[in-house]
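[1] Compute the structure for the input listed below.
(one chain, ligands or ions: 2)
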Amino acid sequence: MSKVALITGITGQDGSYLADLLLKRGYTVWGMKRRSSSFNTERIDALFANDRQEEDPRFHYFYGDLTDSNNIIKYVQEIQPDEIYNLAAMSHVKVSFDTPEYTGNVDGLGTLRMLEAVRILGLTEKTRIYQASTSELYGKVQEIPQSETTPFYPRSPYGVAKLYAYWMTVNYREAYNMFACNGILFNHESPVRGETFVTRKITRAIANISLGFQSVLSLGNLDAKRDWGHAKDYVEAMYLMLQQDEPEDFVIATGKTTSIRDFVRMAFSEVGIDIAFSGKGVEEIGQIDAIDRAKFEAATGIEANHLSIGQELVKVDPFYFRPTEVELLIGDPTKAKEKLGWVAKHTLPELISEMVACDVERVRKNHYLKTGGFAILNNVEDVI
Ligand code: NAP
Ligand code: G4F
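    Ligands and ions are numbered 1, 2, ... in the order given. Below is the predicted model:
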């Protein structure tokens, strides 16, 4: 009998990678999908398409929402999952300042609703739960690097909501003997990362600027530092946590940290552009310092005629500042290595290279679909 997994947040970055991983391991996978006025299954469409070829499809979804207890109870009862991966969340830290109550409802109470569904339905012995906890719990960090024993100090409505979910997960484990784990995951990215998170915003902008569809990349705090890994590696850790003999919480991180400014530099260098930063605070700008024209052409398929030394490509816009910021995150993944045998396989340069290449390809494809050819891109003045 194949194991049955229920994934909330199936249409998100992690949900799509995890569904792929579990299907490859022989699971039947059920995903909770929100109703949307436009298509929101782009990240998982390929999984459906493949599965339809098979006689016994193992990939299913149902409409649901973490704010709807009845919906959750109904489907947990029907599906009788062996494993639940609770990945659904209002996951954008800055947006959580605009929607604090909603964020609390989904990210905090939503987790409680899932734990309660399992308890009420008498599934505490059968169903294992993974809760998507976060390095945002550390916020104003109390220790460097951050480990499973570092005290929390969240700095956003998102972080505070996730703190509630973290402790509910611990409490249900202790109170009802449930197999419930927190994965305290540090930032993880991929070519399907949401477009408004900083890494993807940067790699998309580089593709658009390179191909002549955008003139400047506007960012907020360039000094913040993050411990960035690849989502593909991180969903493997989620799976491993639920295969252990005992439920425990784990930090999942690379152990390295990089500033937003350095990420920008590294990502532009993928298309042969060296960026030099000058100025301070909101006056800081990033200009082209050098162009490796052969590298640019190899990466983009066009000549760099529309770019010149000294051109301003990066600026700071205070709109992207947060009322309270998390300045530094760097995780200590020792426990995950020792107990799960997990280590990050992808390096940051590899991740950046993959993200930039995918975004360049995407922009080229979209442009091709619209115009039927690339010729126009060599005359970029027309399309900027
Ligand atoms: P994501 O791409 O933003 O995906 C979030 C998912 O949650 C989407 O499928 C979204 O649906 C769904 N969702 C949002 N509100 C919902 C609701 N009320 N009911 C049901 N579904 C809802 O996030 P991610 O990067 O994959 O992250 C997955 C989880 O890990 C999140 O809980 C996040 O907070 C946490 N986390 C992420 C990171 C990271 O660096 N990526 C690090 C630590 C923790 P739509 O597609 O319809 O919007
Ligand atoms: O990419 P971000 O929006 O990710 P953030 O806030 O670290 O949150 C992500 O990682 C968490 C794990 O630590 C997850 F729990 C959470 O769900 C999410 O996936 O911002 C990263 C940093 C911040 O310091 C931000 O201020 O980049 C800085 N930043 C600078 N300019 C920007 C921008 N962030 C965004 N989104 N957009 C900017 O223009």
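
[2] Please identify which helix or strand holds I7.
    Here I7 sits within strand 4-8, counting by DSSP states H and E.

[3] Need the contact partners of that strand.
    15, 18-19, 22, 27-32, 64, 66, 75-76, 79-88, 110, 114 (CB atoms under 8 Å, 6 or more residues apart in numbering). C-betas here are computed from N, CA, C, even on glycine.

[4] likewise stretch 180-187?
    115, 128-135, 137, 148, 166, 169-170, 172-173, 199, 226-229, 234, 237-238, 241-242, 244, 247-254, 329-331.

[5] What residues does this structure have near ligand 1?
    Contacts of the chain with ligand 1, taken as CB under 6 Å from any ligand atom, map to 8-15, 32, 34, 36, 40, 65-67, 87-91, 106, 132, 134, 185, 187-188, 194.

[6] Can you flag which of those belong to helices?
    Among the residues of the chain next to ligand 1, the residues falling in helices (DSSP state H) are 13-15.

[7] what are the ranges of the helices in the protein?
    Assigned by DSSP H, the helices in the chain fall at 13-24, 45-52, 69-79, 93-98, 100-103, 110-120, 157-176, 198-210, 231-241, 260-269, 293-300, 334-335, 348-371.

[8] can you list these in CSV and add mean neighbour count and mean pLDDT?
    Output for the helices of the chain, formatted as CSV (neighbours: other CB atoms under 10 Å; pLDDT from 0 to 100):
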stretch, mean neighbour count, mean pLDDT
helix 13-24, 22, 97
helix 45-52, 13, 70
helix 69-79, 16, 98
helix 93-98, 18, 98
helix 100-103, 16, 98
helix 110-120, 22, 99
helix 157-176, 20, 99
helix 198-210, 23, 98
helix 231-241, 22, 98
helix 260-269, 20, 98
helix 293-300, 16, 97
helix 334-335, 16, 98
helix 348-371, 17, 91
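
[9] Need those in TSV (columns: distance to ligand 2).
    Listed next are the helices of the chain as TSV, based on distance: least, CB to the nearest ligand atom, whole Å:
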stretch	distance to ligand 2
helix 13-24	8
helix 45-52	22
helix 69-79	21
helix 93-98	4
helix 100-103	11
helix 110-120	14
helix 157-176	7
helix 198-210	4
helix 231-241	10
helix 260-269	5
helix 293-300	23
helix 334-335	18
helix 348-371	12
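
[10] so which of these comes closest to P323?
    Smallest distance to P323 across the helices of the chain (CB to CB): 5.6 Å, for helix 93-98.

[11] give me the residue from the stretch 201-350 of the chain nearest ligand 1.
    Residue nearest to ligand 1 within the stretch 201-350 of the chain (CB to the nearest ligand atom): A231, separated by 6.5 Å.

[12] quick one: that residue and R193 touch, right?
    Yes: between A231 and R193 a contact is recorded at 7.2 Å, counting by CB atoms under 8 Å.

[13] Now the common contact residues for those two.
    Shared contacts of A231 and R193, defined by CB under 8 Å, 6+ apart, comprise Q13.

[14] What separation is there between D317 and L307?
    Distance, D317 to L307, using CB to CB, to the nearest Å: 21 Å.

[15] swap that for T134, sorry
    38 Å.

[16] who touches A117 in this structure?
    By CB under 8 Å, 6+ apart, A117 lies in contact with 69, 72-73, 76.

[17] What of S135?
    By CB under 8 Å, 6+ apart, the contact list for S135 reads 146, 184-187, 227, 251, 253, 329, 331.

[18] Now do the buried residues in stretch 77-87.
    Within stretch 77-87, the residues scored as buried using 16 or more other CB atoms under 10 Å are 79, 81-87.

[19] ok, so of these, who is nearest ligand 1?
    Ranked by distance to ligand 1 (CB to the nearest ligand atom), the buried residues of stretch 77-87 are led by L87 at 4.1 Å.

[20] who's in contact with the closest one?
    So L87 contacts 7-10, 12, 14-15, 18, 132 (CB under 8 Å, 6+ apart).

[21] What pLDDT is listed against it?
    On pLDDT, L87 comes in at 99.

[22] Not counting residues beside it along the chain, what's closest to it?
    Nearest residue to L87 in three dimensions, chain neighbours excluded: G9, at 3.4 Å (CB to CB, 6 or more residues apart in numbering).

[23] Give me the neighbour count for the one you found.
    22 (other CB atoms under 10 Å).

[24] Tell me the pLDDT of it.
    Looking at G9, its pLDDT is 98.

[25] One more: L340?
    pLDDT, read off for L340, is 98.

[26] how much space between the closest residue to it other than its chain neighbours and I79?
    Distances taken as CB to CB, 6+ apart put L240 closest to L340, at 4.3 Å, once the chain neighbours are dropped. From L240 across to I79, the span is 22 Å (CB to CB).

[27] ok, now M90?
    Applying CB to CB, the value for M90 to I79 is 24 Å.

[28] do the same with G229
    G229 is 30 Å from I79, by CB to CB.
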